[in-house]
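Peer 1: predicted model follows, preceded by the sequence.
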Amino acid sequence: MNDFSDLKGKVAAITGGSGIIGMTLVRGLCAAGVNVIILDVKPERGEVTAAEMAARPDCGMATGIGADVTDRESLLKARDQIREKFGSLDILVNCAGGNKSTATTAKEFISGNEKDLKGSFFDLDIEGFDGVFDLNFKGTVLPTMILAEDMVKKGSGSVLNISSMNAYRPLTKIPAYSAAKAAINNFTQWLAVHFAPAGVRVNAIAPGFLLTNQNRFLLTDEQTGEMTPRGKKIIAATPMGRYAEPEELVGTMLYLLSDTSSFVTGVVIPVDGGFSAYSGV
Ligand SMILES: NC(=O)c1ccc[n+]([C@@H]2O[C@H](COP(=O)([O-])OP(=O)(O)OC[C@H]3O[C@@H](n4cnc5c(N)ncnc54)[C@H](O)[C@@H]3O)[C@@H](O)[C@H]2O)c1
C-alpha cells in the first residue's frame, strides 16, 4: 500500500476539531474520503467546516457534536450518538489542547533576588496546572478510554495524538503545557504497546510553531505587525526560517492513520521545520 486509499469510507472522530489545526485536519481527512465527527466544546464552528465539506461531493462528510474532552458523561453521550449514526469508529484524533495564562510565568528567568520572584514560578496558580493537565493530558486519555474501545473490540483502528515541540525541551514560561505534552508522548508509547496485540496503532505528531489566533499577539506586535522578541527567537531556532502552515500537518496525519504506516506504532513525528534537530549552533 503506497497511497492513502484505504482511508476512504472510514469513520474518524477528532477532538478540538473546530480549532485552527483541528479544522485543517478535518478538511484533510474528508479529502481522503473519511467521514469525520468533530467533537468540540464549540461544535457550531465545526459545522462551518461540515457545510464546506458537504458542498464538495468528492469528500467524506463532516458533522459536529458538542463534547468536552475533560468530562466523562459528555464523552459517553457523544459515543452513543456516534454508535447510533455511524457504527464504530476507525480513527480517533486527539487534537483538543492548549495553554492557560494562569499556568504561564511572566518572566523567563529569575535572579534569586526576592523582588524578582513576582511573575515567576512562585507566582503561579496550581489550579492553572490542573486546568492545563486536564485539557491536554486527561483530555487525551479520557476520549481514548471511551472512544477507542470499539476499535479494540473489532481488532483494527488508529489513534493519533497531537503533541508539541514543548514535549522534548520545554519552552520558557509554560511549564504546565510543556509537561502535559511530554506526558502525551509518554502515553502514546505506553498505549501503543498496550494496544499492539489488538491491532490498534497509536502515534502522535509534534507540530512546530504555527501562528494562530491564540499566540499571534505573543509572537507579533499588534500595532506594527513586527515579530516580538519571542517570535524572533522561534524563527531563529527553526532552520526553515518560518512558521508552519496547518496544512503541513495533513500529510503526516494521513501517513500515520493509513495502512501506509501499518507497522508503525508508538512514534511521535516532529513536523517542525528542523526545530527539534537544531542545537542553535
Ligand atoms: N498552534 C500551535 O502553534 C500548536 C503547536 C503545537 C501543538 N499544538 C496543539 O495542537 C492542538 C490544536 O491547537 P490549535 O492551535 O488548533 O488550538 P485552537 O485553540 O485553535 O483549537 C483548540 C480547539 O479545542 C477546543 N476545545 C478546548 N477545550 C476543549 C474541551 N474541553 N473539550 C473539547 N474541545 C475543546 C476549542 O474549542 C478549539 O476548537 C492543541 O493540542 C495544541 O496544543 C498547537
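Peer 2: Here it is on my side, so go on. Numbering: from 1, shown residues only.
Peer 1: when you work out contacts or count neighbours from here on, use the C-alpha atoms and nothing else.
Peer 2: Noted.
Peer 1: which pLDDT value goes with M1?
Peer 2: Per-residue pLDDT puts M1 at 65.
Peer 1: whoops, I mixed them up, K77
Peer 2: 98.
Peer 1: helix, strand or coil for it?
Peer 2: At K77, secondary structure determined by DSSP: H, G, I helix; E, B strand; the rest coil is helix.
Peer 1: okay, now it: neighbour count?
Peer 2: 14 (other CA atoms under 10 Å).
Peer 1: do you know how far it is from the ligand?
Peer 2: 13 Å (CA to the nearest ligand atom, to the nearest Å).
Peer 1: just name the shakiest helix or strand of this protein by mean pLDDT.
Peer 2: Each helix and strand of the chain was given a mean pLDDT (mean pLDDT, DSSP states H and E); the minimum falls on helix 216-219 at a mean of 81.
Peer 1: what lies in contact with that one?
Peer 2: 211, 227-232 (CA atoms under 8 Å, 6 or more residues apart in numbering).
Peer 1: same question for that helix: list its buried residues.
Peer 2: 216-217, 219 (16 or more other CA atoms under 10 Å).
Peer 1: closest to the ligand among those?
Peer 2: Taking CA to the nearest ligand atom as the measure, the ligand sits nearest to R216 out of the buried residues of helix 216-219, at 9.4 Å.
Peer 1: which ones are touching the spatially closest residue to L219 that is not a sequence neighbour?
Peer 2: Spatially, and ignoring its direct neighbours in sequence, L219 is nearest to G231 (4.2 Å; CA to CA, 6 or more residues apart in numbering). For G231, the contact set (CA under 8 Å, 6+ apart) comprises 218-220.
Peer 1: where does G231 sit: helix, strand or coil?
Peer 2: helix.
Peer 1: could I get the pLDDT score of it?
Peer 2: Reported pLDDT for G231: 93.
Peer 1: re the thing from before, which of the contacts of helix 216-219 come close to the ligand?
Peer 2: L211 (CA under 6 Å from any ligand atom).
Peer 1: show me which of the contacts of helix 216-219 are buried.
Peer 2: Buried among the contacts of helix 216-219 by 16+ other CA under 10 Å: 211, 227-228, 231-232.
Peer 1: tell me who's in contact with V26.
Peer 2: Here V26 is in contact with 14, 17, 36, 38, 49, 62 (criterion: CA under 8 Å, 6+ apart).
Peer 1: swap the cut-off to 7 Å and go again
Peer 2: Neighbouring residues of V26 by CA atoms under 7 Å, 6 or more residues apart in numbering: 17, 36.
Peer 1: which residues in the stretch 151-281 of the chain form strands?
Peer 2: Assigned by DSSP state E, counting those that start in this stretch, the strands in the stretch 151-281 of the chain fall at 157-162, 200-207, 268-271.
Peer 1: quick one: closest of the ones you listed to F133.
Peer 2: Smallest distance to F133 across those (CA to CA): 14.1 Å, for strand 157-162.
Peer 1: tilt between the closest one and strand 200-207?
Peer 2: 20 degrees (axes from the mean of the first three to the mean of the last three CA atoms, to 10 degrees).
Peer 1: quick one: strand 157-162 near the ligand?
Peer 2: Yes - applying CA under 6 Å from any ligand atom, one finds strand 157-162 touching the ligand at I162.
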